[in-house]
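Participant: Predicted model and sequence below, questions to follow.
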Amino acid sequence: MDTRTAEMIVALLARLELSRQPLTDRAGLRTLLQHVAEGLAELSGTGVAITVAPEVFEPPLMLRLAVGEDLTTAHAHPLIYGGVVVATAHLRYPDRLPVAESLLLRVATEALAELRAAEASVRAAEERTRRILAAELHDHVKQVLPAIRLLAERAERDLARDPASAALLLREIREAAQQGLDDLAFLLGGMRGQRAGQDLLSALERLLTQVGRVSPQLAVTAELVAPPLSWECAACMLGIARSALVNVLQHAGAGTVRVRLTPVDGEVLLEISDDGIGAHLEAALAAPGIGLESVLERVESRGGRAEISTAPGQGTTIRVWLPAEREE
C-alpha cells in the first residue's frame, strides 16, 4: 500500500468515525454507508453497492447505496455480525478482499449492528413504559372511580333531605373528576419520555388540595421540592402518595398528615406520615385494601427502597427512596 492510499484510508476512517458519533437513527446510517461506498469505489477504482438486509431490522429497513458502474454481475460479500447477515456488499473482487476494503466493510458492519441494537433498546424501553403506564392507569382507575361513586351515592341520599350537603358532595365529585383528569394527563405525558419532577410536584399539590377538601378536619402539611426524576419513578411516587393518602382518609383516623418530597444524596425521598391509630406492621402489610405490600413491590421494581413504620397508637410513616436522574 503506497503512502497516498494509506493517507486516504486514514482520512476516510476519521470521517467515518465522526459519522458514528453518535449513530442513533437511520438517516445517520445512510450517511455513514454512503461514505463507506464512496471510499470503497475510490479504493478499487470500480463500482460498489451495499444492500441492507431489511428483515433483520424492525420495522424492516429498505436501504441500498450504489456508487459507480452497474453491479449486477459483481461478487456478493455478506456483512456478518453476531452470526447475522446485516447487509451485502457487491464488489468486483473475488471472495478474498484486500485489507483496506475489509476494514471499511467492518466499519459498515459494526454501524449496522449498533443501530440495530439501539433500535431494539428503544423498543424495549417503549414496551416497558407501556407496561408501567398500564399498571399506573389500572391503579389510578381503581382509586378514582370508586371514590366518585361513593360521593355520588352520598349526594343521592342527601339530595332530598339536605340539598346543601348534596351540593357540597357534587362539588367534591367535580373536583375528584378533575383530579382524575389531571392525573391521567400526567400519566399519559410520560409517553414523551421527559423528566417529570415539576409535573410530579404539581400533581402532588393538587392531590393534597383535594385531600383537604374531602376531609377539612385533617390538617395537611407539605414540604415539596421538585426532584430530577424519570417519568417512571415520578409516576410510581404519585401512585404511592395517592394510595397512602387514601389509606389515611379511610383507615388511619388521623388528625394530621405530613408529606415530604425532596432530593437526598442522589436519591429522591417521598415521606408520608400521619398521627393516626397505627397498626402492627405485619397485620398492616397483610390487610386487604391497604396496599402496603404493593408499595414495597412497586418501589423495588423501580430500583428503589421503602420503609414502613407503624405501631398501635403511634401513627404510620411511609418512606420511599427512588434513584434521582443525573442532571445534564
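Facilitator: Alright, I've got the coordinates.

Participant: For the closest residue to Val225 other than its chain neighbours, pull up the helix or strand it's in.
Facilitator: In space, and not counting its chain neighbours, Val225 is closest to Thr262: 4.6 Å by CB to CB, 6 or more residues apart in numbering. Where C-beta positions appear, they are placed from N, C-alpha and C, glycine not excepted. Using DSSP states H and E, the element containing Thr262 is strand 256-264.

Participant: could you say what helices and strands the helix or strand harbouring Ala147 packs with?
Facilitator: Assigned by DSSP H and E, Ala147 belongs to helix 99-161. With contacts taken as 3 or more CB pairs under 8 Å, 6 or more residues apart in numbering; DSSP states H and E, helix 99-161 sits against helix 3-19, helix 26-44, strand 75-81, strand 84-91, helix 163-189, helix 231-247.

Participant: To Glu119, which of the ones you listed lies closest?
Facilitator: helix 26-44 (8.5 Å; CB to CB).

Participant: And the helices in the stretch 201-328 of the chain, which stretches?
Facilitator: 231-247, 281-286, 292-301 (DSSP state H, counting those that start in this stretch).

Participant: so where is the stretch 1-150 of the chain shaky, pLDDT-wise?
Facilitator: Applying pLDDT under 70 to the stretch 1-150 of the chain flags residues 1-22, 95, 129, 132-133, 136, 140, 143.

Participant: Tell me who's in contact with the nearest residue to Ser215 once chain neighbours are set aside.
Facilitator: Counting by CB to CB, 6+ apart, Ser215 lies nearest to Leu249, which is 5.7 Å off, once chain neighbours are set aside. By CB atoms under 8 Å, 6 or more residues apart in numbering, Leu249 lies in contact with 211, 214-215, 218.

Participant: among these, which two are most distant?
Facilitator: Most distant of the contacts of Leu249, by CB to CB, are Val214 and Leu218, 8.4 Å apart.

Participant: what sits opposite Val259 in the beta ladder?
Facilitator: Beta-bridge pairing for Val259 (DSSP bridges): Ala222, Ile272.

Participant: quick one: the residue nearest to Val225 and Pro227 touch, right?
Facilitator: Yes: using CB atoms under 8 Å, Thr262 is in contact with Pro227, at 7.0 Å.

Participant: thinking again about what came up before, quick check: the residue nearest to Val225 vs Leu270, distance?
Facilitator: Here the criterion is CB to CB, to the nearest Å. By it, Thr262 lies 9 Å from Leu270.

Participant: more crowded one of these two?
Facilitator: Ranked by neighbour count (other CB atoms under 10 Å), Thr262 and Leu270 place Leu270 first, with 27 against 14.

Participant: Test my guess that that one contacts Gly239.
Facilitator: No: Leu270 is beyond contact range of Gly239, at 10.7 Å (criterion: CB under 8 Å).

Participant: what sits against Gly315?
Facilitator: 252, 254, 273-278.

Participant: typo on my end, it should be Leu33
Facilitator: 50, 52, 63, 65, 108, 111 are the contacts of Leu33 under CB under 8 Å, 6+ apart.

Participant: now do Leu204
Facilitator: 222, 224, 238, 241, 259, 261.

Participant: roughly how far apart are the nearest residue to the third one once chain neighbours are set aside and Ser309?
Facilitator: The reference is to Leu238. Spatial nearest neighbour of Leu238, excluding adjacent residues (CB to CB, 6+ apart): Ala203 at 5.3 Å. From Ala203 across to Ser309, the span is 25 Å (CB to CB).

Participant: still on that earlier bit, are there residues contacting both of Thr262 and Pro227? Which ones?
Facilitator: By the contact definition CB under 8 Å, 6+ apart, Thr262 and Pro227 are jointly contacted by Val268.

Participant: Ala203 and Ser309: who's more crowded?
Facilitator: Neighbour count, other CB under 10 Å: between Ala203 and Ser309, Ala203 has more, with 23 against 13.

Participant: isn't the more buried one right up against Ala235?
Facilitator: No: with contacts counted by CB under 8 Å, Ala203 stays clear of Ala235, the gap being 9.4 Å.

Participant: ok so, going back, out of the contacts of Leu249, which end up buried?
Facilitator: 211, 214, 218 (16 or more other CB atoms under 10 Å).

Participant: The last one: what's it in contact with?
Facilitator: Read that as Leu218. 211-212, 248-249, 254-257.
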